[in-house]
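Novice: mind looking at a prediction? Sequence and model below.
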Amino acid sequence: MSKQTLQLLKQEFTIHSLDCDEAVPQAVLSSEIFFIAKTSDELSIVCASDIKVDSLAAETHWRALEVVGPLGFSLTGIMANISGVLAKSNVSIFTLSTYDTDYILVKESQIQQAMQALKKDGYLLL
């Protein structure tokens with residue numbers, strides 16, 4: 001399988017943890033890009049760091065690499081390969097997927113290290 005193209009998004013992101021019964025803030029729903037996951041135990045929101053969210057806990061200073069898509073559902077191993085490259089370089093990640101593509105969040109302090117490792121492994125970075 002050929003290597004995918006990755007694009008570094010301009011925003012800095014924060015990962016928020018909220019009580020599962022909390023409402024999603026309107027500022028999040030009105031923003032350009034956000035991700036929401038809800039279970040019976042928690043509500044997680046990933047959004048641009050400049051959006052105010054009153055969360056129980058928050059992890060700040062994440063950057064996002066988008067796998068340029070759309071990616072077909074029949075493709076396999078995309079995230080496994082990317083995460084393997086980053087794991088070998090001791091880069092911690094947080095992954096998200098949409099219908100069309102995948103996103104790899106990396107701490108700001110490790111984004112250059114991550115991009116160098118991916119380039120070295122043959123990924124094109126925009």
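Specialist: Received, thanks.
Novice: how about low-confidence regions in the protein?
Specialist: 1-2, 70-77 (pLDDT under 70).
Novice: and for it, the residue most distant from the center?
Specialist: Using Cα atoms, centre = their mean, the residue of the chain lying farthest from its centre is Asp21. It sits 23.8 Å away.
Novice: beta partners for the closest residue to that residue other than its chain neighbours?
Specialist: Closest residue in space to Asp21, ignoring its immediate chain neighbours: Leu43 at 8.0 Å, by Cβ to Cβ, 6 or more residues apart in numbering. For every residue, glycine as well, the C-beta is placed using N, CA and C. Beta-bridge pairing of Leu43 under DSSP bridges involves Leu18, Lys38.
Novice: distance of Leu43 from Trp62?
Specialist: Separation of Leu43 from Trp62 (Cβ to Cβ, to the nearest Å): 18 Å.
Novice: got it, and Lys52?
Specialist: Distance from Lys52 to Trp62, counting by Cβ to Cβ: 17 Å.
Novice: Pro25 too?
Specialist: Relative to Trp62, Pro25 is positioned 18 Å away (Cβ to Cβ).
Novice: go on, Ile104?
Specialist: Relative to Trp62, Ile104 is positioned 10 Å away (Cβ to Cβ).
Novice: find the centremost residue of this structure, please.
Specialist: Leu105 (3.4 Å).
Novice: list the contacts for Ala57?
Specialist: For Ala57, the contact set (Cβ atoms under 8 Å, 6 or more residues apart in numbering) comprises His16, Ser17.
Novice: looking at Lys52 and Trp62, which one has more neighbours?
Specialist: Trp62 (21 against 10; other Cβ atoms under 10 Å).
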